[in-house]
Each structure stands twice: as structure tokens, then as C-alpha cells.
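> Generate a structure from the sequence data that follows.
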Amino acid sequence: MHPWERDARFLKKALKKGPPQYNVIVEIACTRSSDQLLGARKAYHSLFNRSIEEDLAFHIKGSERKLLVALVSAYRYEGSKVKEDTARSEAKALLNAINNGDKRKIVEDDEVVTILTARSKPHLKEVYDQYKKLSNKTITEDLEVELLLKETVECLCTPQTYFTKIFDAALRDDANEGAKKALTRLVATQKGGEIKEVATKFEEQIEERVKGAYKDVLVGVLAKEG
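Predicted structure coming up:
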């Protein structure tokens, strides 16, 4: 099916399955281009006669609602311009919010949500670097207990880290069906050098542990040009 329809159906399914699948919403919202995400939103509206934002706001009752609605609503600037002083200031704001995380849920912090949903990916990568200079740790290290926020930052700033986790979970000897489906989704939807580079690192495991049509799909990724 068309990529927009495919993503719209992934979003609908993830919303139905609830919190264990909210990472799928994050993955789609954060790894697609602005136009691809907009296309998925249009397809969702056409398929289900509602907006994805409306469904998220209605069905999600937890603290994740604000972040997820803002992520799928984003239309990010995709140029390369980055303001280092702004990135440094926002890194400080994130650090302060995380340090005060025992006082209120970080995922509900307005400034955190605004930074992660309104800024371009190059800008957020600079924020990520500035944060490490301030904290001597990465944002994701400091967000260890805030899994949804951690995956949001990974998908936006270090997608290879996120991709590696999906591959690793799916190619273990004791991998469950959910992990394998996550890898299938990733392979089917991600294009370009980053996914190929990660897949190459797992080439030996794919050869040894995967069989049949599933193996053919994964090996196909390795054969594609970056």
C-alpha cells in the first residue's frame, strides 16, 4: 500500500493496542520527514473519518497524551540552519526539567514538549550535543526511567541507536513475536544509509538465526543502496 496509508494504519493499530505500542507512534512521528508525516495524517483522516490528533487526544488518558499529540502534529523545518546559542539555552532547559523530574512528570513539561516537537532535527542534534557538554551524560542516559521520552530523543537525535535496539531485540534467540514484528515494520518503512548501516552490523545474526521469507526481507535491506 501507499506509505501514507501504511503509516496511518500503523498509527491506528498502535492507538488501539495502547501504551505498549505508543513507541510506534513516536517512531512514525519522529523518523518521517515533515511531508511524509503530513501525508500519513491526511491518509488517516481519509481512512477513518477523524484526525489522528483527535483520536490521540480522546483515547490517551495518561501523561503521554500531550507529547504524542504534539509529535504527530509537528511540521518541522528541514533546513540545516542551527542557532548554537538557542540550542545551548534549550539544553539547559531540558537539564533543569530532568533534574526536577521528581516534582512533576517530565513528559508533561510544556517547555520539554515544545523543544522536542517544534525544533528541526539538526537543531535537536545540536541540543543533544550541548546537553552532553553541560551534564557529562547524554539526554537519553538521564531519561532512563522515562522510556517514551527516551525513545523520542533517540528517534530524533540518534536514530541509529533506536534502530540498533530494534534489531537486537528481534534477533535474540528468545525474541518474541512483538520484537520480530517491530523489526519487520522498521525494515519495511525505513530507507537510506542509516538503516543499512545498522543492518550490516547484524548480518551474521541474520544469516544464523533467521529463516524463510522473513530472512529474505532482512537480507534485502543489506542489498539496497544507502
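
> only C-alpha atoms for contact and neighbour calcs from this point on.
Noted.

> okay, and for the chain, where does confidence drop off?
101-104, 221-222, 224-226 (pLDDT under 70).

> Could you tell me how many residues sit around Leu143?
17 (other CA atoms under 10 Å).

> OK, contacts around it?
98, 149-150 (CA atoms under 8 Å, 6 or more residues apart in numbering).

> Next, find the distance separating it from Gly212.
Look at Leu143 and Gly212: by CA to CA, to the nearest Å, they are 38 Å apart.

> same thing with Pro122?
Pro122 is 39 Å from Gly212, by CA to CA.

> that older thread, so which of the contacts of Leu143 is the closest to Gln130?
Ile98 (14.8 Å; CA to CA).

> tell me the contacts of the closest one?
106, 142-143.

> That one: which element?
Secondary structure from DSSP states H and E places Ile98 in helix 84-99.

> following that helix, which helix or strand comes up?
Next along the chain from helix 84-99, counting by DSSP H and E, comes helix 110-118.

> residues touching the residue nearest the centre of the chain, list them.
Closest to where the C-alpha atoms of the chain average out (CA atoms, centre = their mean) is Glu27, at 3.0 Å. For Glu27, the contact set (CA under 8 Å, 6+ apart) comprises 151-152, 155.

> same thing with Ile60?
Gly18.

> burial measure for Glu204, as a count.
Neighbour tally, Glu204, other CA under 10 Å: 11.

> helix, strand or coil for it?
helix (DSSP: H, G, I helix; E, B strand; the rest coil).
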